Each structure stands twice: as C-alpha cells, then as structure tokens.
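Student: Below are the sequence and a predicted model; questions follow.
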There are 2 protein chains.
Amino acid sequence: MDRAPLDVEVLLFDVFGTVVDWRGSVVEEIEALARRTGMRIDARRFADAWRSGYAPAMEKVRRGELPWMNIDALHRMILDQLLFEFGIQGLDEQAIVHVNRVWHRLRAWPDVVEGLIRLRSRFVVATLSNGNMALLTNLSKNGGLPWDAILSAELFRHYKPDPEVYLGGARLLSVAPERAMLVAAHPSDLAAAKGCGLRTAFVSRPMEFGPTSRGHVVAREEFDVMANDFLGLAAALGT
Amino acid sequence: MDRAPLDVEVLLFDVFGTVVDWRGSVVEEIEALARRTGMRIDARRFADAWRSGYAPAMEKVRRGELPWMNIDALHRMILDQLLFEFGIQGLDEQAIVHVNRVWHRLRAWPDVVEGLIRLRSRFVVATLSNGNMALLTNLSKNGGLPWDAILSAELFRHYKPDPEVYLGGARLLSVAPERAMLVAAHPSDLAAAKGCGLRTAFVSRPMEFGPTSRGHVVAREEFDVMANDFLGLAAALGT
C-alpha cells in the first residue's frame, strides 16, 4: 500500500481513538457508576461532552491562556464542570479521582495487541500521545500493550499538533524525522507530523465516535500508508 | 527483608551495572573488534577506561562546564580520546558509530527478565538511568526487558544524583516520592534517592567491575530492602 520505499525505523502512535476505544470505555464506566449510585446519567452524552471539552482546554494551554497542565489535570477540570452540569452529586473526592482515572483504563481496539507484536518485530514502537506519561503507562499496563517506549507530549510541555512533539519524539529515539512514522486515525495529527518531515500512516477507526458517526474521509495520496486496522498496517509495512 | 510495611507502587531501576553487565558486554565486543581487524587491544583495560571517563564527563555537565549532552554524546567524546590513546586507527565513521552503540546492546544479568516479570505483576516497573532514551529503548528491546515505561535523566536534563531526576521520575508516573522505590547496585545512587524521599532497594552486583573486583559493602539498615539479585528482590517484595 505504501507509495515509496520507506526507510522507517520508528513507529510513533497516537493513542486516543487510534489505539484505544475511549468512547466505549468511558460510556461503560459511567453506566456502571449510574447503576451503582442509582443516578440517571446519559452516559453517551457524558462521554461525548467530556471528550469535546478536551480540545478547547488543550488549545488554551497551547495559546498560553492556561499554564502547562497535563491531561489528567485537564480531564479533571472538565469533569468538575460536567458533574455540575449533569447534576451528579454526592461523589466524594476519592470517587471523583477514580472516575477521572477512567482514562487510565481505556480498552484497546481488538486488533491492537496482535498488530503491535508483529510491528515491533521490525520497528521500534512507541506512543506519541497528548495523554500524560502516567496515563499512558497505566493504560498500556492494563491492556498489555507491548510498547518499546512510552512518549508523551508532556515530556515537551507542548501539545500536538505543535511541532515540538513530533520532532521531540524523533529526537528522543535518535532518528531523523523521516525515519519516524506517525500512526493515527486523525488526518489533522498526521498532517502536522508530515509538516515536520515525518512519514505518516492513516488507520481508519470509524467507530471512534460511536456507531452512528462517520469516519474520516481521506484521499489515498495524502499519507504514506493507509490501513483499516493494525493488522492491515503490519501487512502494509511487511511484518 | 524490608523493615517496614511499604506502600510502594512504582519501582525505578538504575540500569548500568544494576540491570546490565556493561563490562562483560563491552569487553566481548572490543575483543571481537580486535579479532576482526587484527589489532591488539586490551579489551578489559579499554572497557574500564571507557567507563571511568563517564563519571567525570557527567560531572562536567552537572557543573555546567559542558552544555547538556546525552550519554551517547559523552560516550563518543570519551571513545574518540580512547581510540587515540590505544592507538586504534583505520576505523571509518560508520564503524566508530557502531562501536559507540555497544552501550545500546548491553546484556542483562541472567536473573533480570524473570525478576521483572514477577515484579511487574504488582508494581509499575520503569528505568531511571543516566543513559539516554534511545539507548535505554534499544537495550531493552534487544534484551526483551518488559518495562512498563522507559525513563531517563535525559528527560530532565539533569544527571543522577541530581534530585531533579528522582523527583521527576516519581512525578511523571504520578506518585508521591515515598510511593516510588529506586533499585540500584550503587549506594551513592540510593542515598541520593533516599534524600529525595524515595524508598530504596540495594541489589548487589559483585561482578559489575569484573571477577577480581569486590562488591559494595553496605549496612543492612541503610536501605529499605537488600537483595542478591532480582529474584531475591521479587521475593522480598512479595511477588
């Protein structure tokens, strides 16, 4: 599937949506919370509202309107607002901390572990996510994700799509940008990586925003590799 | 073996000497280089000279007499000097780069993989080494070391025993210092971690400096846990 012989050594992976089904995982835990507490919560709407608060919060950090805050802190800021808006009362601090940590427990898509095992036989495989290091480490440990390294935007105190993140990921693994490939389900993330000289692989995740959403539409020539899942990516990269 | 109930969540591991047999690995590769090129090189003396240049070079960075340089760069600086001193000539740039990367290929002590598998069933296990991220990632991939995360002094632009490294490691994994334990074969490293509030585990590696060296002598009460290898550590920590 790839258009040219690629001399890639390192694969860097976006995580939310690309590796893990954040929506399904959050919906499930919020539904369980509702059952446990007897509260009525629209878990789908809650999950979508939580996620949709995320990009604007990161933008405020990127523009300097908020000081550096990692994703755990941004998720908590949004969560506090949502608990108020959804009228969810009576959770103590420990319970709120537990809800916020749902992002440390997100489930991987079913093809991920097998795909990574194949890919890591030839490439160094690492995360490159806006999620913070503890979140990525816990999520990977829970899901048995066999990364060679965990890298996060937190290490650079910049969020994607700032170039510092893509270039920083390649630098920490001691490869030139063109020897690194970003794997992501989001064209905007890939376009920014491409602008920094990285190679790009689009993996479609049409279910990211739920069964009624439509996936991203991308043109074949936009990125170096296109695949339907990590097994397709492994095949496209010859592993 | 531990003196008090410990509420540790994260184990941070020193790497050179504690996890890998740097001396044996470097001696073997330098001996192979000598055979391949027909040169006479005292591989043991070469390995010891390379390693003994390392602490003074890091000290210069710590004192600001050198700009920030990662360990690959410091190893190369020392190697260039050693090639001259040992009269080793005729290696092209590619061959010198390869020799310098021996530190990415160091072999783990034989108890390490089994010990880590046991320890990671209960704890988050991560490196916390002065080695740079690419070095630690490659070394771990080569040796099949099942870390949950790779952390390096490089992330903090400070070398151990600077407190920024120990505190930074705990911070990136979102635990208070007393919930993190440094595992190391070197009392000075452990003493600095203890000074930052971390828990400490001494693992003796009497062969680190070769069969004729003596190991470090430490008193039982200096550190929280003492073990003869990673299997002993796993047993002491109840895994």
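Tutor: Received, thanks.
Student: can you give me the offset of the helix or strand of chain A with the lowest mean pLDDT from its chain's centre?
Tutor: Within chain A, confidence by mean pLDDT, DSSP states H and E is lowest for helix A:54-62 among all helices and strands, at a mean of 93. Put simply, helix A:54-62 sits 15 Å off its chain's centre (C-alpha atoms, centre = their mean, to the nearest Å).
Student: got the CA coordinates for it in CSV?
Tutor: Extracted C-alpha coordinates of helix A:54-62, given in CSV (Å, rounded to 0.1, in the frame of the first residue of the first chain):
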residue,chain,number,x,y,z
TYR,A,54,-10.7,18.3,25.7
ALA,A,55,-9.6,20.1,22.5
PRO,A,56,-10.6,23.6,23.7
ALA,A,57,-8.8,23.0,27.0
MET,A,58,-5.6,22.0,25.2
GLU,A,59,-5.9,24.9,22.9
LYS,A,60,-6.0,27.2,25.9
VAL,A,61,-2.7,25.7,27.1
ARG,A,62,-1.2,25.9,23.6
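Student: What are the buried residues along it?
Tutor: A:54, A:57-58, A:61 (16 or more other C-beta atoms under 10 Å in any protein chain shown). C-beta coordinates here come from the backbone N, C-alpha and C atoms, glycine included.
Student: ok, now stretch A:150-161?
Tutor: Buried positions in stretch A:150-161, judged by neighbour count with 16+ other C-beta under 10 Å: A:150-156, A:158-161.
Student: got the contact list for it?
Tutor: The contact list for stretch A:150-161, computed with C-beta atoms under 8 Å, 6 or more residues apart in numbering or on different chains, reads A:12, A:14, A:58, A:61-62, A:68, A:70-71, A:126-133, A:136-137, A:140, A:162, A:164-166, A:168-169, A:172-173, A:188-189, A:191-192, B:148-150, B:155, B:172.
Student: again, only this time at 6 Å
Tutor: Stretch A:150-161 is contacted from outside by A:58, A:62, A:68, A:70, A:126-130, A:132-133, A:136-137, A:164-165, A:168-169, A:189, A:192, B:149, B:155, using C-beta atoms under 6 Å, 6 or more residues apart in numbering or on different chains.
Student: Kindly report the same for stretch A:66-86.
Tutor: Contacts for stretch A:66-86 (C-beta under 6 Å, 6+ apart): A:49-50, A:53, A:57, A:60, A:100, A:103, A:131-132, A:154, A:157.
Student: now, which of those lie within strands?
Tutor: Judged by DSSP state E, the contacts of stretch A:66-86 include no members of strands.
Student: domains of chain A?
Tutor: A:10-21+A:106-236, A:22-104 (automatic domain parsing).
Student: Nearest residue to A:Ile30 in space, please, no chain neighbours.
Tutor: Spatially, and ignoring its direct neighbours in sequence, A:Ile30 is nearest to A:Ala43 (3.9 Å; C-beta to C-beta, 6 or more residues apart in numbering or on different chains).
Student: contacting residues around the one you found?
Tutor: Per C-beta under 6 Å, 6+ apart, neighbours of A:Ala43: A:27, A:30-31.
Student: Quick check: the gap between it and A:Leu82.
Tutor: For A:Ala43, the distance to A:Leu82 equals 12 Å [C-beta to C-beta, to the nearest Å].
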